[in-house]
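[1] attaching a predicted model along with its sequence, questions to come.
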Amino acid sequence: MSESEKVKGPASYFPSIEKKYGQPIEHWKQIVRTQDGKPHMQIVAFLKETHGLGHGHANALVAATLAETKS
């Protein structure tokens, strides 16, 4: 992968999230979607408290998932 193809932003965390927690990213995005309408940081807190994710991983998942729903 060349420097220009390097993944940036929240998605750059995805490989380590999958490795650490043993679930595909879509699994986590589905969980984030169940929190529809809640503020970003409230969903981050939910992932940390309920599923044991670290702050950076939870934040990346929420940011990426919410960005998908914005047009």
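    Arrived safely, thanks for sending. Numbering: from 1, shown residues only.
[2] spatially central residue in the chain, please.
    The chain has Leu61 as the residue nearest its centroid, 0.8 Å off, counting by Cα atoms, centre = their mean.
[3] neighbours of the closest residue to it other than its chain neighbours, how many?
    The shortest distance from Leu61 to any non-neighbouring residue, by Cβ to Cβ, 6 or more residues apart in numbering, is to Trp28 (4.8 Å). The C-beta positions use only the backbone N, C-alpha and C, and glycine is treated the same way. As a burial measure, Trp28 scores 24 neighbours (other Cβ atoms under 10 Å).
[4] shaky segments in this structure?
    Counting by pLDDT under 70, the chain contains low-confidence ranges at 1-6, 70-71.
[5] need the longest helix for it.
    Scanning the chain for the longest helix, with DSSP state H as the assignment, gives helix 55-69.
[6] which helices and strands sit right next to that one?
    helix 14-21, helix 25-33, helix 40-51 (3 or more Cβ pairs under 8 Å, 6 or more residues apart in numbering; DSSP states H and E).
[7] what residues does it touch?
    Applying Cβ atoms under 8 Å, 6 or more residues apart in numbering, the external contacts of helix 55-69 come out as 9-14, 16-17, 20-21, 25, 28-29, 32-33, 40, 43-45, 47-48, 53.
[8] OK, contacts around the residue nearest to Ala58 when sequence neighbours are not counted?
    Excluding the flanking residues, the one nearest Ala58 by Cβ to Cβ, 6+ apart is Leu47, at 3.9 Å. Residues in contact with Leu47, defined by Cβ under 8 Å, 6+ apart, are 28, 31-32, 53, 57-58, 61-62.
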